[in-house]
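> what follows is a protein structure lacking sequence information:
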């Protein structure tokens, strides 16, 4: 797992989001969330922005910067 996927799944858990709930809130597909959570993919800037707003964090934190 990548830093990104670990932090994403931890924040989703802390906020009580299922992948389905999070996908809806971040305005992306469930399958995309699955790839990100497994560390298979890293989101584009636009997608990352929606994700950070959904879990109230920064892109730098999620990406481990």
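Done, it's in. Bear in mind that the values here come from a model prediction, so they are computed numbers and not experimental data. Numbers count the residues shown, from 1 in each chain.
> alpha carbons only for contacts and neighbour counts from here, please
Fine.
> all helices of this protein, in order?
3-15, 19-26, 30-38, 45-55, 59-63 (DSSP state H).
> state the mean pLDDT of the second one.
Taken as a whole, helix 19-26 has an average pLDDT of 94.
> show me how far it is from its chain's centre.
Counting by C-alpha atoms, centre = their mean, to the nearest Å, helix 19-26 is centred 9 Å from the centre of its parent chain.
> at the geometric centre of this structure, which residue do we find?
residue 8 (4.5 Å; C-alpha atoms, centre = their mean).
> my read: that one touches residue 63, true?
No. If you go by C-alpha atoms under 8 Å, residue 8 and residue 63 don't touch, sitting 9.1 Å apart.
> can you give me the distance of the closest residue to residue 24 other than its chain neighbours to residue 19?
Residue nearest to residue 24 in three dimensions, not counting chain neighbours: residue 30, with 8.0 Å by C-alpha to C-alpha, 6 or more residues apart in numbering. Applying C-alpha to C-alpha, to the nearest Å, the value for residue 30 to residue 19 is 6 Å.
> ok, residue 3 next?
Distance from residue 3 to residue 19, by C-alpha to C-alpha: 18 Å.
> comparing those two, which residue is more hemmed in?
It is residue 19, of residue 3 and residue 19, that has more neighbours when counted by other C-alpha atoms under 10 Å, with 19 against 13.
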